[in-house]
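**Q** After the sequence you'll find the predicted model.
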Number of protein chains: 2
Amino acid sequence: MARWEPGTRERLQAAALELFVSQGFDETTASGIAAAAGVTERTFFRHFTDKREVLFGGQHVLAERFTAGVDAAPEDASPADLVSAALRGAGEFFPDDRRAWSRRRQAVIDAHPALQERELLKLAGLARDVAAAFADRGVPEPAASLAGQSCLTVFGVAFGLWIAEGETRPFAELASLVHGELARVASAPGR
Amino acid sequence: MARWEPGTRERLQAAALELFVSQGFDETTASGIAAAAGVTERTFFRHFTDKREVLFGGQHVLAERFTAGVDAAPEDASPADLVSAALRGAGEFFPDDRRAWSRRRQAVIDAHPALQERELLKLAGLARDVAAAFADRGVPEPAASLAGQSCLTVFGVAFGLWIAEGETRPFAELASLVHGELARVASAPGR
């Protein structure tokens, strides 16, 4: 791994998002991002494989937060408890000072069908990763897959609320509300 | 709409799947499918826009079954009842005599990453369609979105069980089992 100046990655991300918003994703180049961040193109490629990676590179960290939440849950946690634990873990990826970035990132993705597809596919992969973490904790199938999907369902809806214009409640509070709502709509018939 | 011989569509589908399995999706052409079904290429294109459509053309019918289930539910159905109703509707799309076709279709998709992506994106679209049907029935957000996602979660897992080698239980029975399991893993903490 090459060394780099601390903060360069964040500067590149901020410059990229600014350009994606102002001139469009397709019209933005890696060299343009590098120039706007005051670094060389070579430095850009030390941090990101391509400009799309600026938007999606955080997803493996998010996967780790989900699974770290699962790993930290007590031995005797039920599958339902593990879902809560995974969501708490994911919530740590979304402190309030990330909200403005997340809003702008989503606006870029919403404006671009190919990026929306990439996002959906990444989220589907994330559901599989989380299901694998449940399976590692001994949750059998199909409960592990259902729990993984449920985490991503709650996550997706809570995230949409969190970045809504004017919303100020923290991510964890919204995830908890949405989780309760999922429990209601997913309850089996006749119970 | 041009006229065509009854059963031609089904013959084309069977011929296409046979070729996808035996020689690979990429190596199969529309004209090869038409020849194998004993019709002209022009006839193929009267039924399908391209060879991918042979695999995915059924999904709008599936969406209609989901929403028909919702539409048929009683006035006072709760969101949880509507999820069950949607799943019952979808189950009608998967009678036992469709199972062999569904297994082979899935084998083609599993062997081809681009088709897997297409399938995921179609299912995501389906979740939105079902959520819209819930919203039309007066289910507010975020419950409508959660219910739509939950339908597709149950559907996806139940479908995987239904096409598993040696499985003989009907789709509706598996969907009902999986729905009960989802209720368990998605139950809110502390309840």
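**A** The structure has been received and is ready for your questions. Computed from a predicted structure; not experimentally measured.

**Q** so where do the helices sit in chain A?
**A** A:8-23, A:30-37, A:41-47, A:51-56, A:59-72, A:79-91, A:99-110, A:113-136, A:143-162, A:171-185 (DSSP state H).

**Q** Make a markdown table from those and add mean pLDDT, mean neighbour count and distance to chain B to it.
**A** For the C-beta atoms, the positions are set from N, CA and C on the backbone; glycine is no exception. Below are the helices of chain A laid out as a markdown table (pLDDT from 0 to 100; neighbours: other C-beta atoms under 10 Å in any protein chain shown; distance: least, C-beta to the nearest C-beta, whole Å):
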| stretch | mean pLDDT | mean neighbour count | distance to chain B |
| --- | --- | --- | --- |
| helix A:8-23 | 93 | 18 | 22 |
| helix A:30-37 | 96 | 18 | 25 |
| helix A:41-47 | 95 | 17 | 25 |
| helix A:51-56 | 93 | 19 | 15 |
| helix A:59-72 | 92 | 18 | 13 |
| helix A:79-91 | 93 | 24 | 4 |
| helix A:99-110 | 94 | 16 | 14 |
| helix A:113-136 | 92 | 18 | 5 |
| helix A:143-162 | 96 | 25 | 4 |
| helix A:171-185 | 95 | 21 | 4 |
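
**Q** A:Asp71 reaches A:Phe134, doesn't it?
**A** No. Contact criterion C-beta atoms under 8 Å: A:Asp71 and A:Phe134 do not qualify, at 10.9 Å.

**Q** rewinding a little: dump the helices of chain A to TSV, plus distance to B:Ser176.
**A** TSV is the format used below for the helices of chain A (distance: least, C-beta to C-beta, whole Å):
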stretch	distance to B:Ser176
helix A:8-23	46
helix A:30-37	51
helix A:41-47	49
helix A:51-56	37
helix A:59-72	28
helix A:79-91	19
helix A:99-110	36
helix A:113-136	21
helix A:143-162	14
helix A:171-185	16
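
**Q** closest to B:Phe45 out of these?
**A** helix A:113-136 (25.3 Å; C-beta to C-beta).

**Q** Packing partners of that closest one?
**A** Helix A:113-136 is packed against helix A:51-56, helix A:59-72, helix A:79-91, helix A:99-110, helix A:143-162, helix B:113-136, with contacts defined by 3 or more C-beta pairs under 8 Å, 6 or more residues apart in numbering or on different chains; DSSP states H and E.

**Q** any chance of these in JSON lines, with distance to A:Phe20 too?
**A** Formatted as JSON lines, the helices and strands packed on helix A:113-136 follow (distance: least, C-beta to C-beta, whole Å):
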{"stretch": "helix A:51-56", "distance to A:Phe20": "8"}
{"stretch": "helix A:59-72", "distance to A:Phe20": "17"}
{"stretch": "helix A:79-91", "distance to A:Phe20": "24"}
{"stretch": "helix A:99-110", "distance to A:Phe20": "4"}
{"stretch": "helix A:143-162", "distance to A:Phe20": "19"}
{"stretch": "helix B:113-136", "distance to A:Phe20": "22"}
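
**Q** picking up where we left off before, of the helices of chain A, which is nearest B:Leu152?
**A** Using C-beta to C-beta, the nearest of the helices of chain A to B:Leu152 is helix A:143-162, at 8.5 Å.

**Q** In terms of secondary structure, what does the closest one contact?
**A** helix A:79-91, helix A:99-110, helix A:113-136, helix A:171-185, helix B:143-162, helix B:171-185.

**Q** Can you tell me which of those helices is nearest to B:Arg103?
**A** Across the helices and strands packed on helix A:143-162, closest to B:Arg103 is helix B:143-162 (C-beta to C-beta), at 9.1 Å.

**Q** Could I have the CA atoms of that closest one written out in CSV?
**A** What follows is helix B:143-162 as a C-alpha-only set of coordinates in CSV (Å, rounded to 0.1, in the frame of the first residue of the first chain):
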residue,chain,number,x,y,z
ALA,B,143,-45.5,0.4,5.8
ALA,B,144,-46.3,0.1,2.1
SER,B,145,-42.6,-0.1,1.1
LEU,B,146,-41.8,-2.5,4.0
ALA,B,147,-44.8,-4.7,3.0
GLY,B,148,-43.7,-4.7,-0.7
GLN,B,149,-40.1,-5.7,0.3
SER,B,150,-41.4,-8.3,2.7
CYS,B,151,-43.5,-9.9,-0.1
LEU,B,152,-40.5,-10.1,-2.3
THR,B,153,-38.3,-11.4,0.5
VAL,B,154,-40.8,-14.3,1.2
PHE,B,155,-41.3,-14.8,-2.5
GLY,B,156,-37.5,-15.1,-3.2
VAL,B,157,-36.8,-17.5,-0.4
ALA,B,158,-39.9,-19.6,-1.0
PHE,B,159,-39.1,-19.8,-4.7
GLY,B,160,-35.6,-21.0,-3.9
LEU,B,161,-37.0,-23.8,-1.8
TRP,B,162,-39.7,-24.7,-4.3
